[in-house]
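Enquirer: Sequence first, then the predicted structure, then my questions.
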Amino acid sequence: MTRLVALVVALLAVARPSAAEPAPPKLVVIVVVDQMRREYVDEYGGRWTKGLRRIFDEGAWFTEAAYPYLTTLTCSGHATIATGTLPSTHGIINNQWWDRDSQQLVSCSADPTSQEVPYDGNRQRGPGGSARLLKVPTFASALSEATHGQGRVVTVSLKRASATMLAGQKGDVVLWIQGGGLSSSTTYAQSPEPSIVRYLNAHPVLDDFGRVWDRGGKAKDYKYADDGMAEKPPSEWDATFPHLMQPRSGKPTTFFYEAWAESPFADAYIGRLAGATIDSLKLGRGPATDYLAVSLSSLDIVGHDFGPRSHEIQDMLLRLDDTLGDLLDTLDKKVGRDNYVLALTADHGVATIPEQLAAEGTDAGRLKMTNLMTLADAVVSKKFGAGRWVAIEAYTEFYFRAGIFDRIAADPELLAEVILVLSAQPGVKEVIDGRRLAAPPDPTVPEDSEMTAARKSYVAGRSGDLVIIEKPNWIFVSEDKTLIPGNATTHGSPYPYDQRVPLVFLGDHIAKGHFADTCSPADIAPTLSRITGVPLPTATGQVLKGALPPQ
């Protein structure tokens, strides 16, 4: 009898997963809130009661998460989250960069081999897009390969760059807004997913035409002023609430789509669309772990125009709390609270509007990229003759025309003068010769934090000939002939307001708590790799063990 009992116990142990090896989740969800500063959680989070509140209260929150690199921009951030590597490895140094072969700007998600796949059926095909410029695979690609395609990959965003980077080079449904409607690319599928088409036909974006975005709470409950200094709303909006989802003409022109994207209605729509894919594609109910990535872009659009102190940003976050609450409810109902793991983070933060800081006595301002290009041209023209020698500046990346930098570098005095003139401009902290970043650091020469961050963003052949780093609280802008050029504010610096972001895991496979580990969103993919058992050997991030339950 004793031997029989022992045999039964042994068989039961084999039949059930051991405590040390829990079954992987049925669904992995990544939510990226574009331009969500870490400071928002402390400053505005007290009014959240739904999705955001649940995630931060019930999840594993890594309170000190920050990007360690220079180019804190949308495409770089999404690629970092998706691959578990930094720009110096995954290759996405910027939203766009100067291609030295074609001598033109290249979008990070451009793919001339693909065509658009419109989901509304009423438009001619435009350019497609993909993550072909990534140098390493994404977690989603690794999951699809490990499950032999049984694990489905779905990504949804307003932005093509966000949707494609979170997917990689393969995906079952990869969606973004293009030309006023939802689209995908022939890289992922030759035709639209029928169930999504049915949903879109039943719930068109134009249902929001004529709606009014007003504060969801009382004005007195919002911090700062509604008409903050140097805010730059869209042409048909005022700086104060309310904001109308239609042009003054009353007709659905392209302004409607621009206004809609810059409102909480767009985030809510993308959230509902993500919920619809969970239902119609039965995500989390298949034979293998599925993957859903949702990038919510509207906070970024609002932030560029109104800044992080605005009533608009505070209201966007309140509405986002509702949107994520609805998404979590859908996940709980359709997948089950015990069957999914969710990771929430942001692709970057944002600077406070410089004029607001300057009014308080802080050194802050705007660096006009066209001015810097003109100054460099003037220096080089003294040696080479009058001409346009600079190709373009893209945020920190400064490019000369084909073959010109080699000629400049061959004359150390000329190169030194170019760097000196650029370095002397108000708002410039440092100008780095890109060749220094291409070479290993000299262990005998101490490097500042900005130089270290620049190394983590540098990719030979893609990065600029020079890298220009702005001072804290200064922003790069294009010259647009307005009194205050550029957007109200932007991001892309190596400073905490751009680098620090939320990073939280939620789910039955996650240990609840607050963790002060030094970490970055590059650690999300390796952690998901550990939780799901999906190999991702190219990842350079760390597994955040604090998020894992004791075994």
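Expert: That came in fine, so what should we check first? Computed from a predicted model, the values in this text were never measured in an experiment.

Enquirer: Where do the helices of the stretch 351-500 of the chain begin and end?
Expert: 354-359, 369-384, 404-409, 412-423, 434-438, 449-457, 496-499 (DSSP state H, counting those that start in this stretch).

Enquirer: Redo those as a markdown table? Include mean neighbour count, distance to residue 290 and mean pLDDT.
Expert: Using the backbone N, CA and C atoms, a C-beta is placed for each residue, glycine as well. Converted to a markdown table, the helices of the stretch 351-500 of the chain look like this (neighbours: other Cβ atoms under 10 Å; distance: least, Cβ to Cβ, whole Å; pLDDT from 0 to 100):
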| stretch | mean neighbour count | distance to residue 290 | mean pLDDT |
| --- | --- | --- | --- |
| helix 354-359 | 19 | 44 | 98 |
| helix 369-384 | 17 | 43 | 97 |
| helix 404-409 | 18 | 47 | 98 |
| helix 412-423 | 16 | 49 | 98 |
| helix 434-438 | 17 | 39 | 96 |
| helix 449-457 | 20 | 32 | 97 |
| helix 496-499 | 20 | 31 | 98 |
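
Enquirer: Out of these, the one nearest residue 64 is which?
Expert: Ranking these by proximity to residue 64 (Cβ to Cβ) places helix 496-499 first, at 10.4 Å.

Enquirer: what does that closest one contact?
Expert: Outside helix 496-499, the residues that touch it by Cβ atoms under 8 Å, 6 or more residues apart in numbering are 37-39, 66-68, 72, 348-352, 491-493.

Enquirer: try stretch 469-486
Expert: For stretch 469-486, using Cβ under 8 Å, 6+ apart, the contacting residues are 70, 230, 232, 351-352, 354-355, 357, 362-371, 393, 395-396, 427-432, 450, 454, 487, 489-490, 492-495.

Enquirer: Averaged pLDDT, it. What do you get?
Expert: Taken as a whole, stretch 469-486 has an average pLDDT of 91.

Enquirer: For that stretch, measure first residue to last.
Expert: 18 Å (Cα to Cα, to the nearest Å).

Enquirer: Give the buried residues for it.
Expert: Applying a neighbour-count criterion of 16 or more other Cβ atoms under 10 Å, one finds 469, 470, 471, 472, 473, 474, 475, 476, 477, 484, 485, 486 buried in stretch 469-486.

Enquirer: Those: which two are farthest apart?
Expert: Top of the distance list for the buried residues of stretch 469-486 (Cβ to Cβ): 469 and 484, 22.4 Å.

Enquirer: Please, where are all the strands along the stretch 201-350 of the chain?
Expert: Taking DSSP state E, counting those that start in this stretch to define them, one finds strands in the stretch 201-350 of the chain at 212-213, 243-244, 290-296, 340-345.

Enquirer: Need the winner for burial among the ones you listed.
Expert: strand 290-296 (a mean of 29; mean count of other Cβ atoms under 10 Å).

Enquirer: Quick one: list the elements packing against that strand.
Expert: On a contact count with 3 or more Cβ pairs under 8 Å, 6 or more residues apart in numbering; DSSP states H and E, strand 290-296 meets strand 27-33, helix 139-146, strand 153-157, helix 160-167, helix 264-280, helix 311-334.
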